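Visitor: this is a predicted model, with the sequence first.
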Amino acid sequence: AQSVTQLDSQVPVFEEAPVELRCNYSSSVSVYLFWYVQYPNQGLQLLLKYLSGSTLVESINGFEAEFNKSQTSFHLRKPSVHISDTAEYFCAVSDRAGANNLFFGTGTRLTVIP
Amino acid sequence: NAGVTQTPKFQVLKTGQSMTLQCAQDMNHEYMSWYRQDPGMGLRLIHYSVGAGITDQGEVPNGYNVSRSTTEDFPLRLLSAAPSQTSVYFCASSNVGSSTDTQYFGPGTRLTVL
């Protein structure tokens, strides 16, 4: 069975500072990893995903995540955050390439301070 | 395309009442699912379907029923609401088994059971 641990429930960070949101997973089979973002009062949107190939994946708005198999981690990073990045971020794992049946972490609330 | 739509956006029920949360998608996705989101617990899978006429249980199916008579619609039924079912419910859809596809989420239904 898969499970996901997000170690930080809340992360406050000043605008233009770097940020790392941590995610660790456990799985006995091949995994596919995802980061979703949820803005206030909205549904979830896919931020980025790792399916295979390069272990470093990037999103269009400057976030990146690196799949580390030996440490079973998929941490999310951004070198310089903006106010608009304030949201809740969820790490998720699936054992199927089509992102079906996702197992989510408990979420990390990122608050960017002006 | 409207994507994934959910109705209603808000609902208040009394214990023991029944209701149906509606979910529809216009992307011809085979896979549809229901999640519930609770504070500090992330999203948990309730039921899912890989095509019309096919449904299966997820992580927390008790107290909920589903059916899939068409590709487009995947309603979630609460037969006898309980306060423990107070939550935000998200419907999602995607193709099945495609390594390049992503899962699309609806805007959510906020349910309160008194």
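Guide: Right, received. Where do you want to start?

Visitor: from here on, contacts and neighbour counts on C-alpha atoms
Guide: Will do.

Visitor: look up how far B:P61 lies from the residue most central in space within chain B.
Guide: Using Cα atoms, centre = their mean, the residue of chain B that lies closest to the mean C-alpha position is B:W34, 2.8 Å off. Using Cα to Cα, to the nearest Å, B:W34 is found at 10 Å from B:P61.

Visitor: shared neighbours of those two, anything?
Guide: Shared contacts of B:W34 and B:P61 (Cα atoms under 8 Å, 6 or more residues apart in numbering or on different chains): B:45-47.

Visitor: hmm, the residue nearest to the centre of chain B is touching B:C91, no?
Guide: Yes: in this structure, B:W34 is within contact of B:C91 by Cα atoms under 8 Å, at 4.6 Å.

Visitor: all strands for chain A, in order.
Guide: With DSSP state E as the criterion, chain A has strands at A:3-5, A:10-14, A:19-21, A:24-26, A:32-38, A:44-50, A:56-58, A:64-68, A:73-78, A:87-94, A:103-104, A:108-113.

Visitor: what does chain B give?
Guide: So, for chain B - with DSSP E - the strands run B:4-7, B:10-13, B:19-25, B:31-38, B:42-51, B:54-57, B:64-66, B:76-78, B:87-94, B:104-105, B:109-113.

Visitor: need the pLDDT of residue 64.
Guide: Since you didn't name a chain, this refers to chain A. A:E64 is assigned 96 on the pLDDT scale.

Visitor: switch to chain B, that's the one I care about
Guide: Note on B:Y64: pLDDT of 97.

Visitor: alright, calling it a day.
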